[in-house]
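**Student:** give me a 3D structure for the following:
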Amino acid sequence: MEINRPDVLASLTVAFERYERALVTNDVQELDALFWNSPHTVRYGAGENLHGYDAIAAFRAARPGKDLDRTITSQVLTTFGDSFGTASMTFSRAGDAAIGRQSQTWVKFAEGWRVTAAHVSTLKSPA
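**Tutor:** The predicted model follows:
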């Protein structure tokens, strides 16, 4: 199995960057499009456990679309073969000392890369 084949890594990077742009601009339609439309999709957030595409879409539609800007402080994208990858990153938000963490599992389907599982959490900054 090839890990981080350049063309596959480049295509996952494009999908990840689409997701990030959609997140900080609250482009709910794009965010929904980038998640796998399946009852098997999972997203664990800072205050919610969402099982299934419909629950994730409902959460996004109801979430306030403000104060979403963040700065990525570290990022690791890894692909395995030509249709599976992971994205792990940390981020910060202005005025917040906590360290944000995000991990995603991506699978390349016929329609393109889709998030099949995601986890977002924060870690209190050391005093």
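**Student:** same for the helix or strand hosting Thr73, what does it pack against?
**Tutor:** Using DSSP states H and E, Thr73 maps to strand 71-80. When contacts are defined as 3 or more CB pairs under 8 Å, 6 or more residues apart in numbering; DSSP states H and E, strand 71-80 sits against helix 6-24, strand 84-93. All C-beta atoms are positioned from the backbone trio N, CA, C, and that covers glycine.
**Student:** the first one to strand 84-93, inter-axis angle?
**Tutor:** It stands for helix 6-24. Computed by axes from the mean of the first three to the mean of the last three CA atoms, to 10 degrees, the angle separating helix 6-24 from strand 84-93 equals 40 degrees.
**Student:** how about helix 6-24, which residues are buried there?
**Tutor:** Val8, Leu9, Ser11, Leu12, Thr13, Ala15, Phe16, Arg18, Tyr19, Glu20, Ala22, Leu23 (16 or more other CB atoms under 10 Å).
**Student:** pLDDT (mean, whole number) over the helix or strand following that helix?
**Tutor:** Going down the chain from helix 6-24, the next helix or strand is helix 28-34, by DSSP H and E. Averaged over helix 28-34, pLDDT sits at 97.
**Student:** just the buried positions in helix 28-34, please.
**Tutor:** By 16+ other CB under 10 Å, the buried positions in helix 28-34 come out as Val28, Leu31, Leu34.
**Student:** elements contacting that helix?
**Tutor:** Going by 3+ CB pairs under 8 Å, 6+ apart, helix 28-34 lies up against helix 6-24, helix 53-62, strand 112-123.
**Student:** having no further points to raise, I will conclude here.
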